[in-house]
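>>> Fold the stuff below for me.
(one chain, ligands or ions: 2)
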Amino acid sequence: MSRIVIALGGNALGNNAEEQQRKIDEAAPSLIGLIKQGHEIIVSHGNGPQVGMINLAFDAASQQSDKIAKMELPECTAMSQGYIGYHLQKGILKELKRVGMPWHVATVVTQVEVGEHDPAFSNPTKPIGAFYDEETVQSLKKEKPDAVFAEDAGRGWRRMVASPKPMEIVERDSILNLLDHEFIVIACGGGGIPVVKDAKGNYNGVPAVIDKDFASAKLAETVGAQYLFILTAVDKVAINFGKANQQNLDEMTVEQAEKYCEEGQFAKGSMLPKVQAAIQFVKSGENRRAVIASLEKAPMAMKGESGTLIHA
Ligand SMILES: Nc1ncnc2c1ncn2[C@@H]1O[C@H](COP(=O)(O)OP(=O)(O)O)[C@@H](O)[C@H]1O
Ligand SMILES: NC(=O)OP(=O)(O)O
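Numbers count the residues shown, from 1 in each chain. Ligands and ions are numbered 1, 2, ... in the order given. Predicted coordinates:
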């Protein structure tokens, strides 16, 4: 039996609540498929589209009514953890009931400590919210002059926010306790709520969105997982992605992965953080492996029949 941390992509969760629940319901058999194979799973998820939508919704509503206040990014991530966790709990419980497996599920609202002076605070690189065309971005910039927008991996323009590196998971002991009691734990959603510790040892939220792939690597290290599964919309990592000579990779060593990163084979803000997080996890201890695969083919990836394996 292996302990597996599974990171689900925010972009794979759809654009509204109904779509999100449907996609999670469709994904649940793959997740439970891993438990049926005898493994223990911990689930984390992205929130890029969702955190941007929540933040924008409160901005827009506060302009319409003085009864509605703006909502800052840490609170927006907390909200996204709540409603994505709720959908995951429902979808996973429904599947567990269908296959007659007596497991429990719980979502932990998770704070993740980041460095107050992380250089990311002066260089926003994390894409959030919807995709825009360049013309729309010009008009949005007039309304929100401080907002930064940039092209996201050839898919359109998106708002960019700071994405500091995760250092510690504040709710570490709660997560470990739930795992000891045979819970399927959902944690570190949206990379976790970014917090910094003050001089008195208290935590305070900061305006950023942590990359869920890096947070998931930290979670996998923290719970002593043997595997980190990063599930997204493609079956395998590719080199020369999108070109005539695209080559899908079955596996790569950490050394090969580092070389491909240096060559610029992986798009920033999409595949690059996944490969970097995989490298970080594999290097963090012995017998640690990472798999980047599609959500639908997770059980196949566990048997080595799909996905890209990253190993020492
Ligand atoms: N070299 C590559 N190999 C495979 N996919 C790539 C590569 N470079 C960029 N991509 C794109 O990255 C996407 C995954 O990133 P993203 O959608 O941001 O992830 P998430 O599922 O976490 O939201 C893939 O669906 C694919 O379109
Ligand atoms: N927080 C985060 O990394 O979300 P996505 O995976 O949706 O980009």
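>>> Looking at this protein, which residue is nearest ligand 1?
residue 9 (1.8 Å; C-beta to the nearest ligand atom). Just so you know, the C-beta spots here come from the backbone N, C-alpha and C atoms, and that holds for glycine as well.
>>> Would you mind listing the residues in contact with that residue?
45, 46, 230, 231, 232, 233, 295 (C-beta atoms under 8 Å, 6 or more residues apart in numbering).
>>> need the residues you listed in a markdown table with distance to ligand 1, can you?
A markdown table is the format used below for the contacts of residue 9 (distance: C-beta to the nearest ligand atom, whole Å):
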| residue | distance to ligand 1 |
| --- | --- |
| 45 | 9 |
| 46 | 5 |
| 230 | 7 |
| 231 | 7 |
| 232 | 3 |
| 233 | 4 |
| 295 | 9 |
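>>> are any of those residues buried, and which?
45, 46, 230, 231, 232, 295 (16 or more other C-beta atoms under 10 Å).
>>> so which of these also contact ligand 2?
residue 46 (C-beta under 6 Å from any ligand atom).
>>> Pick the one among the buried ones among the contacts of residue 9 closest to ligand 2.
residue 46 (2.3 Å).
>>> isn't that closest one right next to residue 11, touching?
Yes: using C-beta atoms under 8 Å, residue 46 is in contact with residue 11, at 6.9 Å.
>>> Show me what the lowest-mean-pLDDT helix or strand in the chain packs onto, helices and strands only.
Lowest mean confidence among the helices and strands of the chain (mean pLDDT, DSSP states H and E): helix 298-302, at a mean of 82. Where contact means 3 or more C-beta pairs under 8 Å, 6 or more residues apart in numbering; DSSP states H and E, helix 298-302 is packed against helix 17-36, strand 227-232, strand 289-294.
>>> what does it contact?
4, 6, 30-31, 33-34, 37, 39, 227, 229, 231, 291, 293, 306-307.
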